[in-house]
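In: please find the sequence and the predicted model below.
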Amino acid sequence: MTVRILLADDQESVRVGFSLILDSQPDMEVIGEASDGQQAVELAATLHPDVVLADIRMPRLDGLEVTRRLAGPDAERPMRVVVVTTFGLDEYVHTALRNGACGFLLKRSGPTLLVEAVRAAMAGDTLISPSLTVALLQHHRDAGRPRPVQPMDALTGRETEIARLVAKGMTNAEIGAELFISAGTAKTHVANVQRKLSVRNRVGIAAWIWGNGLEE
């Protein structure tokens, strides 16, 4: 199945760059581009994309409002929306996720994470740029140490080691380099950890580490 993608960004250079990356994937196709939020909503209604990549700062409607209209609780036909931005501010992340976003990606994250975010959205998962994980974990700290849903012995020693590195905000490639394993193997470990802890993203892993007092 080919994943049909709609790009929404007011910068043409960003749209061109994303198109080159996504269209190079054998199972992905960019079917439309919007230069502002209102156009994104209108194109989504006519093109019915599988995934919408929406920048936060756009004319007419910003990405957060686009997300609410396309993926929020009042959306007539909810869509998968991944918010892409240069800004990693906490309030943006929380608002985007509350509005129904299934991913939050920094533009500097690189092509690999861009593709992973689309795949995660299609799989029903939530991908958040690893560099944002630590900032979101700080939000949990400010709200008080959470009570983990899963017990401390839910993971093996190796998986706990992986989870600690996730909590530090490391990417799969950085985890692989740290542990002398491939990025693909690191990705598999992270997916296994998410499954065992019943969390949807890396922030959930980090919250579990902190909640159990396992941070280094």
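Out: Perfect, I can see it now. Numbers count the residues shown, from 1 in each chain.
In: in its sheet, what does the helix or strand hosting Leu53 sit against?
Out: Assigned by DSSP states H and E, Leu53 belongs to strand 51-55. Note on strand 51-55: by DSSP bridges, its sheet partners are strand 3-8 (parallel), strand 80-85 (parallel).
In: how far out from the middle of the chain is the last one?
Out: It stands for strand 80-85. A distance of 8 Å separates the centroid of the chain from that of strand 80-85, by C-alpha atoms, centre = their mean, to the nearest Å.
In: and the helices in the protein?
Out: 12-23, 37-47, 63-71, 90-98, 111-122, 130-143, 157-167, 172-179, 183-197, 202-211 (DSSP state H).
In: related to what we said a few turns ago, turn the strands paired with strand 51-55 into a markdown table, columns for distance to Glu178, mean pLDDT and mean neighbour count.
Out: To be clear about C-beta, it is placed using only N, CA and C from the backbone, and glycine gets the same treatment. Listed next are the strands paired with strand 51-55 as a markdown table, based on distance: least, C-beta to C-beta, whole Å; pLDDT from 0 to 100; neighbours: other C-beta atoms under 10 Å:
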| stretch | distance to Glu178 | mean pLDDT | mean neighbour count |
| --- | --- | --- | --- |
| strand 3-8 | 31 | 97 | 23 |
| strand 80-85 | 27 | 92 | 26 |
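In: buried ones in stretch 189-201?
Out: His189, Val190, Val193, Gln194, Lys196, Leu197, Val199, Arg200, Asn201 (16 or more other C-beta atoms under 10 Å).
In: ditto for stretch 99-108
Out: Buried residues in stretch 99-108, counted by 16+ other C-beta under 10 Å: Asn99, Gly100, Ala101, Cys102, Gly103, Phe104, Leu105, Leu106, Lys107.
In: and stretch 22-34, by the same measure?
Out: By neighbour count on 16+ other C-beta under 10 Å, the buried set for stretch 22-34 is Leu22, Gln25, Met28, Val30, Gly32, Glu33, Ala34.
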